[in-house]
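J.: Provided below for reference: sequence and predicted model.
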Amino acid sequence: MAIEPENRLLQGKQEIKYVQISVESYSHLTGLEDRVKSLKLAAAQSEMTNKENLGKQYAKVAEEAISSWEKAAKQFDKMKHEFEAKLANLDQQLLWSAAENFELSRSLQESTVWRSCKQATPGGSEENCKIECRASEITWSCVEEVSWAYSLGPDKA
């Protein structure tokens, strides 16, 4: 395994044009080159596999995040509909309560007017009392209509 360089002198420096090596050395070097190439290829393949696995992990995390977001959106919509139903029920109860309150107030007002009319005219005509009661009913009817229109709001009246 002798190395015999063929030399050539250029401006005081020695430049090697080629090196002569034995066949065994050449095969050994070629084997080493092939092994280096194989190791580089294996390292590149390993890196590519790692990157693919990382990409799969990112995709899985993204899918889980989207799934969680969709579940939360569905739950929000469900809660929103329940809240709107409860709100509508409370609005209906409030209207019924207001109507009952108004009827009680009206009944109380009528009885008060009837009593005061009877007391004001002890010997007076019943017709005057009926007229007073009718006037009171008309007044309360107007108040009822205004109250009803107000309870509906400006966009519903």
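T.: Everything's here; your move.
J.: Am I right that E15 is in a strand?
T.: Yes - the assignment for E15 by DSSP: H, G, I helix; E, B strand; the rest coil puts it in a strand.
J.: residue ranges of the strands in the chain, please?
T.: 4-10, 13-20 (DSSP state E).
J.: For those, which has the smallest mean pLDDT value?
T.: Summarising mean pLDDT across those, the least confident stretch is strand 4-10, with a mean of 48.
J.: Can you show me the helices along this structure?
T.: Secondary structure of the chain by DSSP state H: the helices cover 23-120, 126-152.
J.: Looking at those, which one is packed in the most?
T.: Highest mean neighbour count among these (mean count of other C-beta atoms under 10 Å): helix 126-152, with a mean of 13. Just so you know, the C-beta spots here come from the backbone N, C-alpha and C atoms, and that holds for glycine as well.
J.: any idea of the angle that helix forms with helix 23-120?
T.: Helix 126-152 and helix 23-120 are oriented at 170 degrees to each other (axes from the mean of the first three to the mean of the last three C-alpha atoms, to 10 degrees).
J.: Quick one: distance of helix 126-152 to the chain centre.
T.: In this view, helix 126-152 has its centroid 51 Å away from the chain centroid, taken as C-alpha atoms, centre = their mean, to the nearest Å.
J.: Packing partners of it?
T.: In terms of contacts (3 or more C-beta pairs under 8 Å, 6 or more residues apart in numbering; DSSP states H and E), helix 126-152 is packed against helix 23-120.
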